[in-house]
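[1] coords please:
(chains A and B)
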Amino acid sequence: MTQIIESRRRFLRQGAAGGVSLLLGLHAGGAIAAAASTDSPANSDFAPNAFIRIGQDGRVTLISKQPEIGQGIKTSLPMIIAEELDVAWQDVRVVQGDLNPIYGPQGAGGSTSTPTNYDNFHKLGATARAILVQAASQAWSVPASECSTDKGSVEHKASNRKLGYGALVKVAATLPVPDVKSVALKDPSTYRLLGTRIGGVDNAQVVSGKPLFGIDVKLPGMLYATYVKCPTLGGRPVKANLAAIKAMPGVKDAFLIEGTANLNGLRPGVAIVANSTWNALRARKKLQVEWDEGEGASHSWAGFTAQAQALSKQPGAAVMRKDGDVAAALAGAAHTVEATYSYPFISHASMEPQNCTAWFKPDGTLELWAPTQNPGSGQALAASTFNIPKENILLHITRSGGGFGRRLSSDFIVDAAAIAQKVKAPVKLTWTREDDMQHDHFRAGGFHFLRGGVDAQGKLSAWHNHFVTFANLVERKESDGTSGSVLQPGSGGSLSGDEFPGRWAANCLLEQTPIECRIPMGPWRAPGSNVFAWVFHSFIDELAHAAGRDPVEFRLEMLGDKDIVPGTGERGQPYNVGRMRNVLKAVAEKSGWGQRKFARGQGAGVAFHFSHRGYVAEVAEVTVSKEGKLTVDRVVVVTDIGAQIVNLSGAENQVEGSVIDGLSTLMGPALDIDKGRIVQSNFHEYPLLRMPDTPTKIETHFLKTDYPVTGLGEPVFPPLAPAVCNAIFAATGKRVRELPLGKADLSWS
Amino acid sequence: MSKYNLNVNGKIQSVDVEADTPLLWALRDTLGLVGTKYGCGIGACGACTVHIDGQPARACQMPVSSVGKHKITTIEGLDANAAHPLQQAWQELDVPQCGYCQAGQIMTACALLKQTPRPTDAQIDDAMAGNLCRCATYVRIRAGIHRAAEIASSGKSDGVKNNSGKAKK
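    Just a heads-up that it's a prediction; the model follows:
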C-alpha cells in the first residue's frame, strides 16, 4: 500500500510539474482547460488538475476523482473520457485521485457522481482528442477536418497515414487548448465503449487479495488502535483502568478523549493504541470504564413507540402540506382506510468496518487515508475539530468496502486523527463490527399514521399522514447573531410536502412531529425514499384494494394525464409524470401483469418511485407457503435513468444489488434500543440476506429516453419493498405494516 | 509473545505474537497478507475465509497457537498467477461491487468446487450461505461458480486477466 501511495504521489507531482505528458483537466470553476507540460510556474495559480495523461508509449492514465464504494464509478467515469478520447480500453490505466479542490466536488452520495460529471467528462476526452488531431494535422500539413481517430491513433485516410497518440504527445503538449464550444462530441450512435459491459478496473486486485481498501493501509512505524465509546449513545467516559491497560502486552498507550458535543463528530471515548490490531483488541477486553451515560439513558424503542402513539393523537408539530379539506373528503369518501406503518432504526453494516489511518506530522500537517464517500467533508470536520487549515490536511481516498451512505459521515476520520495527534505516530484505527453496528449514524426509525379515502368513482380523494420521526437538538445561528437549539430530524427523516402522493391528492394533509432521540443519524442508501416508498405504495395498495381496483390501473389513474407536475415551495422538484407512466406501463407489460392467474399463496405486487433523478417501477412475484415462508420468485425492474447507460455490466450489478439489498433490508435487520443502547451487536443478531434467499429471477430493463444521464446507486432500492409486500397481500390477504418483515406471521390456511 | 512457524501459501513464515492472536490478524498485521478480511470477528460473515489443509476455515476464529503445522492457504496463495478458474470467472462476469467480501467468497467457492466440481444451484446456495455480501452480488457469485466449474473442466478460458476486457453477461 505504501508503494501504491508513493506512486500516486509521484504521479501527481509529475502531473503538476510536467514531464513529457499531455495533461488536461478541469479548472475549479468547471471550465475546460489544459496545462501543457511546459507550463511556467507563473501559471501555477491556474494549473488544472490532470484527469488525462498520455505517455509517449501511447498508454493512457485517467484519474478517478470520485470515491469507489462498490458503485463502479472508478470504471464508469473514465469510460466516458476514453470514449471521447477514442482510445482502446485495454490501453487505459485508472488511478484514484486524492482529495484535491481542483478536481471539483468529490463526494459520492445521492447517486450524483454520474449526472454531475457526465457532460464534463465527455468534454475532457473530446478536447484531448481534438488537440491530438490538431498535432497530427500539423505534422502532415493537412486540414484537421480531414483527420479522424481510431482507438488511440489519428488517421489521414486520403494519404493513408496514421500516427499513434503516443507519437503525437510532444507536439500536442505545446498546442493551445481549443475553446470547448468548438469541440465536437461523438454522436452517441457511434459509441464503442459506452453501453457495453466493462469489468471493474480493480477486479484483478480484488480477486487476488491485493491491498486496496482503507483497512489494508500500512505505513512504516504505524500503530494500531481501537476506540471505545459509551454504549449509551451520547454518553462519555469519566475514568478507566488506563494503567492496567497500558501494562498489557503490546499496548503503547491508552487514554480518554474528551471529544465534542456533535453527535456526528468526534465523540468522547477511550483509545487503546498497540503494536497490532489484536493487541489493542485483547487489551480492550480488560478495559473497565466508568461512564456518564447522559440524558439518553432512559430511551428505548418501546418507549419511543408509546410516545409516537400518543403524539399521533395530537395535531402534528409541523404541516408539510395542506390541500383541500381532508376531514370533509374522508367523511364523504366511499371507502376509507386507516393504518399505522412503522420501521425500526437500522445500521449500514458495510462489510468493511469504519477505519482510518491518520498521521499528525511534526510540521503540524495531517495526512489521512480513509475509505470515505465524502472526503471533502472529512477534511472539513478534521480542520474544525483540530483547528488546522484545510490546506494542511492531505486526504487519500482508498477504495471502500461498501458505503450505503455510512461513509458520508466522517466521525471515524476524526476518531483516528485524535488518536494520532496524541501518540505522534501514524495510527490505523479499525472499528470492531460491534462498534460499527452500535455507533453507526443510523437510518432513523419512523411511524406513519395514515388515513385515506377513495370516492364513489374509485379515485383517491383524501390522504392524511401524520409522520412521527426522530430528531436531535442542533445549535443554529440566527440572522440576528443569537443562537438557539432546534430539533432537526435525522437524514431521510423529514417528509417533503412533494413526496408522492402529495400534489396528486386534491385533499391532502401531511404533518410531521419529531421525537428527540440523542441517537446519531445519517444518510442510508436512498435516504427517506428507502422507507417512504414502502409506506406510501403499501397504503396506496390498501386503498386500491378497498375500492376493488386493479393496483396498476389505480396508480396510472392517480398519476393522471399531465406530463410534468411542477414542484411546490422553494426546494420543490418537478415530477415528470410521463416518465413514470412509461416505466409503470412497461413493468406491467414486461411482467405480464394481469395475464396470469395465481394460485392461493402466490401473487404479484407493483410499486414505483422517483428518487435521485431516476424513475423506477417494479413488479415482484412471490410464493408464501401455508407455514408463512416467503419466496420471491421473480422481480421485474424497469428504470428510466436517461439517454445512456454508461457501463451495462455495472448498471446491471447495481440493479441486482439494489433489488436484493431492498429485500434484505425489508426482511431482516432491526435495531432495538434499550436504556439508550443499541441492543444488537453483530451479524448473528442482525440478519442480512444470504445466497439461499436470493431471488433467482431478476429482470432488468433500461428505458432509453432523451433525458440527462443519471446514477443508479439508489433509485432501484425504494420500490422493491412495497412491490414485495403488495405481492404478499395478493398472495395471502396479509398486509405488512411493521418492519422487519421477518418478524411477521405470514402463515395462512 | 511466542514464536509460531506457520505454513502459509507453501512457505514457512514465523510470527511472534500472543498465543490467542487469531490467524486473521497474524496474516494481516504481521505477515502483510491483507487479502483475508476482517468483517465480524465472530465467524458470522465469511470475509476471513482461508483454507486449512484445503478445508475452508474462519481465520478470525482460529488462534495462531492452534494452527500447528497445518497448511494455510490464503487468497494470495490460491494460484501463483492469480488465474484460478474462480479468479478468471470473477473477472469475466464482473462479479465484485465493493469487492471486500470477494476473497472470502472465492475461498469458500474453491473448497466447494474441489469437493463438487459441477455443483447445482442448491449445492452452491448451501455451501455459500456462510458468506455475506452486503452489496448483494449473489446472482453473479452463483453464475461465477458455474462459470469457474466450466473453465476448470474445459481447462481453458477466454477470461479476462486485467481491467482491459469486456465483462460477459
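[2] which residues touch whichever residue of the stretch 401-550 of chain A sits closest to chain B?
    Nearest residue of the stretch 401-550 of chain A to chain B (Cβ to the nearest Cβ) works out as A:G401 at 3.0 Å. C-beta coordinates here come from the backbone N, C-alpha and C atoms, glycine included. Residues near A:G401 by Cβ atoms under 8 Å, 6 or more residues apart in numbering or on different chains: A:70, A:213-215, A:350-352, A:371, B:37, B:98-101.
[3] give me the element the closest residue to it other than its chain neighbours is part of.
    Closest residue to A:G401 apart from its sequence neighbours, by Cβ to Cβ, 6 or more residues apart in numbering or on different chains: A:E352 at 2.4 Å. Using DSSP states H and E, A:E352 sits within no helix or strand.
[4] hang on, A:E352 packs against A:P371?
    Yes. A:E352 is in contact with A:P371 according to Cβ atoms under 8 Å; the separation is 6.1 Å.
[5] burial count for B:A83?
    B:A83 has 17 neighbours, counted by other Cβ atoms under 10 Å in any protein chain shown.
[6] Quick check: it is in a strand.
    No. Judged by DSSP: H, G, I helix; E, B strand; the rest coil, B:A83 forms no part of a strand; its state is coil.
[7] Can you tell me the SS state at B:D16?
    B:D16 ends up strand, using three-state DSSP.
[8] before we move on, back to that, mind listing the shared neighbours of A:E352 and A:P371?
    By the contact definition Cβ under 8 Å, 6+ apart, A:E352 and A:P371 are jointly contacted by A:F213, A:G214, A:I215, A:S400, A:G401.
[9] okay, now the domains of chain B?
    Domains of chain B are assigned by automatic domain parsing as B:2-77, B:85-154.
[10] again, but for chain A
    According to automatic domain parsing, the ranges for chain A are A:2-208, A:214-294+A:354-430, A:301-346+A:442-743.
[11] so can I have a markdown table of those domains showing distance to B:C110?
    Shown next, in a markdown table, are the domains of chain A (distance: least, Cβ to Cβ, whole Å):
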| stretch | distance to B:C110 |
| --- | --- |
| domain A:2-208 | 11 |
| domain A:214-294+A:354-430 | 21 |
| domain A:301-346+A:442-743 | 16 |
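[12] of the domains of chain B, which approaches A:N530 most closely?
    Among the domains of chain B, the nearest to A:N530 by Cβ to Cβ is domain B:85-154 (14.4 Å).
[13] Report the rounded mean pLDDT for the closest one.
    Across domain B:85-154, pLDDT averages out at 97.
[14] what about it and chain A, any contact?
    Yes. Residues of domain B:85-154 are located near chain A by Cβ under 8 Å from any Cβ of the partner chain, namely B:86-87, B:90-92, B:94-103, B:106, B:121, B:124-126, B:128-142.
[15] Just the buried subset of those, please.
    Buried by 16 or more other Cβ atoms under 10 Å in any protein chain shown: B:86-87, B:90-92, B:94-103, B:106, B:124-125, B:128, B:130-142, out of the residues of domain B:85-154 next to chain A.
[16] Check residue 4 and give its pLDDT.
    No chain was given, so I picked chain A. pLDDT recorded at A:I4 is 38.
[17] Can you look at chain B instead?
    Turning to B:Y4, the model gives it a pLDDT of 97.
[18] ok, what's across the strand from it?
    B:V15 (DSSP bridges).
[19] Over to A:L62?
    Where A:L62 sits in a bridge, its partners, by DSSP bridges, are A:I52, A:V94.
[20] hang on, the earlier thing: filter the buried ones among the residues of domain B:85-154 next to chain A down to the ones in strands?
    Using DSSP state E, no member of those falls within strands.
[21] that older thread, let me know which of the domains of chain B is tucked in deepest.
    The highest mean neighbour count among the domains of chain B, using mean count of other Cβ atoms under 10 Å in any protein chain shown, belongs to domain B:85-154: a mean of 23.
[22] what about it, how long is it end to end?
    10 Å (Cα to Cα, to the nearest Å).
[23] for stretch A:340-348, same thing?
    First-to-last residue span, stretch A:340-348, Cα to Cα: 25 Å.
[24] Quick one: mean pLDDT for that stretch?
    Stretch A:340-348 comes out at a mean pLDDT of 98.
[25] again, but for stretch A:301-311
    The pLDDT scores in stretch A:301-311 average 98.
[26] list the buried ones in that stretch?
    A:W301, A:F304, A:T305, A:Q307, A:A308, A:L311.
[27] closest point of chain B to chain A, which residue?
    Proximity to chain A, evaluated over chain B using Cβ to the nearest Cβ, is greatest for B:G35 at 1.8 Å.
[28] my guess is that residue contacts B:E76, does it?
    Yes. B:G35 is within contact range of B:E76, at 5.1 Å (criterion: Cβ under 8 Å).
[29] Now do the shared contacts for these two.
    Between them, B:G35 and B:E76 share the contacting residues A:S208, A:G209, judged by Cβ under 8 Å, 6+ apart.
[30] what about A:P176, distance to chain B?
    Using Cβ to the nearest Cβ, to the nearest Å, one obtains 33 Å as the distance from A:P176 to chain B.
[31] got it, and A:A204?
    A:A204 is 5 Å from chain B, by Cβ to the nearest Cβ.
[32] give me phi/psi at that residue?
    Dihedral pair for A:A204: phi -60, psi -40, per degrees, to the nearest 10.
[33] Correct me if wrong: it contacts B:W90.
    No. If you go by Cβ under 8 Å, A:A204 and B:W90 don't touch, sitting 9.5 Å apart.
[34] re the thing from before, and the two most separated of the shared contacts of A:E352 and A:P371?
    Farthest pair in those (Cβ to Cβ) is A:I215 and A:S400. Separation: 9.9 Å.
[35] higher neighbour count, these two?
    A:S400 (30 against 26).
[36] Closest one of the shared contacts of A:E352 and A:P371 to chain B?
    Chain B has its nearest neighbour among the shared contacts of A:E352 and A:P371 in A:G401, at 3.0 Å by Cβ to the nearest Cβ.
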